[in-house]
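Chemist: fold the following.
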Amino acid sequence: MPERNPETHVIDFRAAEHLLAARDPRGAVKLLDSVIAAHPENTAARLLRARAFFAAAQLRPAELEFELVLEREPDNAFAHFALARTFQRAGRPEQATRHFRLAAALDPNPEYLKAARFDDRA
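Modeler: Next up is the predicted model:
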């Protein structure tokens with residue numbers, strides 16, 4: 001196996017982005033595993049891997065990665081929104097609503113506001 005270095009990890013990260021865009025989330029996860037093993041503090045790689053897990057319908061690993069991102073970046077509106085979608089897909093609507101509302105409070109993105117459903121009585 002070729003020696004892994006920081007440049008290789010950047011290439012793997014970029015390739016994982018392309019694989020996810022090409023609807024190959026499992027391929028993206030494989031590439032990101034080595035990036036995260038070498039750089040566990042890399043929040044961008046963890047967020048991308050969480051998205052790949054979600055796209056692959058691996059909801060529990062996605063949830064764990066999104067939560068780890070939020071531990072490091074509690075003001076990351078996208079991570080709250082994506083975690084909410086994960087909870088929604090897993091049939092956990094109360095937890096989803098909480099994170100939809102946090103996402104909308106952090107960023108008034110129309111998609112976040114619509115999902116937060118502030119006009120509903122909760």
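Chemist: state which helix of this structure is the longest.
Modeler: If you go by DSSP state H, the chain has its longest helix at helix 6-21.
Chemist: ok, and for it, which residues are buried?
Modeler: 9, 12-13, 16-17, 19-20 (16 or more other CB atoms under 10 Å). For glycine as for every other residue, the C-beta is placed from the backbone atoms N, C-alpha and C.
Chemist: show me what that helix is packed against.
Modeler: helix 25-38, helix 43-55 (3 or more CB pairs under 8 Å, 6 or more residues apart in numbering; DSSP states H and E).
Chemist: how about the first one: buried residues?
Modeler: In other words, helix 25-38. So, applying 16+ other CB under 10 Å, buried residues of helix 25-38: 25, 27-29, 31-32, 34-36.
Chemist: for Ala28, give me its contacts.
Modeler: 16-17, 19-20, 48-49, 52 (CB atoms under 8 Å, 6 or more residues apart in numbering).
Chemist: how close does the residue lying closest to Ala82 once chain neighbours are set aside get to Asp107?
Modeler: Nearest residue to Ala82, sequence neighbours excluded (CB to CB, 6 or more residues apart in numbering): Phe66, at 5.6 Å. Distance of Phe66 to Asp107, given as CB to CB, to the nearest Å: 16 Å.
Chemist: can I get the helices and strands packed on helix 6-21 in JSON lines with distance to Phe118 and mean pLDDT?
Modeler: Shown next, in JSON lines, are those (distance: least, CB to CB, whole Å; pLDDT from 0 to 100):
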{"stretch": "helix 25-38", "distance to Phe118": "31", "mean pLDDT": "97"}
{"stretch": "helix 43-55", "distance to Phe118": "24", "mean pLDDT": "98"}
